[in-house]
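> Structure for the following, please:
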Amino acid sequence: MSGDEGATVVRRRGPTDRDRRDRIARAAVTVVGERGIDGLTHRKVAAAAGVPLGSTTYHFATLDDLIAAALDKAAERSVTELRAWEQSLEPDADLAAALADFVLRSVTEKRADTMAEYNLYALALHRPHLRQAAVAWDDALAAVLRARTDPLTGQMLGALLCGLLMQSVLRDDQLDRADLAAQLRRALVAP
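Alright, predicted model coming up:
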């Protein structure tokens, strides 16, 4: 038996587990992506995070607290990924085609993440304490798109992209890449 075989995973506890709160918030996003908001419980999040149930209730006394942390985490992850995507594009990239690919990837490879994000985002409609995080998410998305366009176009593209993502995750069939690119290209054309 080699030194790695039969090794046990040591769970960090207490002050040495500085990542626990963040890990619980990430697990909440995962649970929402898999089961929806109605499937979110402290118990399911604890299992997904690999922590005792008491840890979730210690860090997040209510489900609303857990939902708020999950929304922040989902927004942070989404914006980070979008920024990395934008920075990976060549300066002269076909932005409409690249955004169409981004939408398709978001609803295929990253479907669970996108589902979680929109489940959490929609809650802000009825929970005012979540609205600031949702608005900040929209603003960050528009800021990334303004870097490639101008202030008005960036804002408009952000709204269009949100709508296309929402429509795409609601559909059973996949949107056509050419149709997506055509819509985005139209938005990029100055009047």
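
> Asp65 versus His129, what's the distance?
Distance, His129 to Asp65, using C-beta to C-beta, to the nearest Å: 10 Å. All C-beta atoms are positioned from the backbone trio N, CA, C, and that covers glycine.

> Quick check on these two: which one has the bigger neighbour count.
Asp65 (15 against 12; other C-beta atoms under 10 Å).

> tell me which element that one falls in.
helix 63-88 (DSSP states H and E).

> packing partners for that helix?
helix 20-35, helix 42-49, helix 95-107, helix 111-123, helix 128-146 (3 or more C-beta pairs under 8 Å, 6 or more residues apart in numbering; DSSP states H and E).

> switch to 10 Å and redo it
Helix 63-88 is packed against helix 20-35, helix 42-49, helix 53-59, helix 95-107, helix 111-123, helix 128-146, helix 151-170, with contacts defined by 3 or more C-beta pairs under 10 Å, 6 or more residues apart in numbering; DSSP states H and E.

> can you redo these as TSV with distance to Leu89?
Output for the helices and strands packed on helix 63-88, formatted as TSV (distance: least, C-beta to C-beta, whole Å):
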stretch	distance to Leu89
helix 20-35	26
helix 42-49	33
helix 53-59	37
helix 95-107	6
helix 111-123	20
helix 128-146	11
helix 151-170	14
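
> Same list, these, but as CSV with distance to Glu81 and mean pLDDT please.
Below are the helices and strands packed on helix 63-88 laid out as CSV (distance: least, C-beta to C-beta, whole Å; pLDDT from 0 to 100):
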stretch, distance to Glu81, mean pLDDT
helix 20-35, 13, 93
helix 42-49, 20, 96
helix 53-59, 25, 94
helix 95-107, 9, 93
helix 111-123, 9, 87
helix 128-146, 10, 87
helix 151-170, 12, 90
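
> Please identify which of those is closest to Ala69.
Between Ala69 and the helices and strands packed on helix 63-88, the tightest spacing by C-beta to C-beta is seen for helix 20-35, at 4.0 Å.

> in that closest one, what counts as buried?
Judged by neighbour count using 16 or more other C-beta atoms under 10 Å, the buried positions of helix 20-35 are 20-21, 23-33.

> Of these, which is the nearest to Gln174?
Within those, proximity to Gln174 (C-beta to C-beta) peaks at Gly33, which comes in at 18.6 Å.

> For the spatially closest residue to His59 that is not a sequence neighbour, give me its contacts.
Nearest non-adjacent residue to His59, counting by C-beta to C-beta, 6 or more residues apart in numbering: Arg21, 4.7 Å away. For Arg21, the contact set (C-beta atoms under 10 Å, 6 or more residues apart in numbering) comprises Ala49, Val51, Ser55, Thr56, Tyr58, His59, Phe60, Ala69.

> for the second one, helix, strand, or coil?
At Val51, secondary structure determined by DSSP: H, G, I helix; E, B strand; the rest coil is coil.
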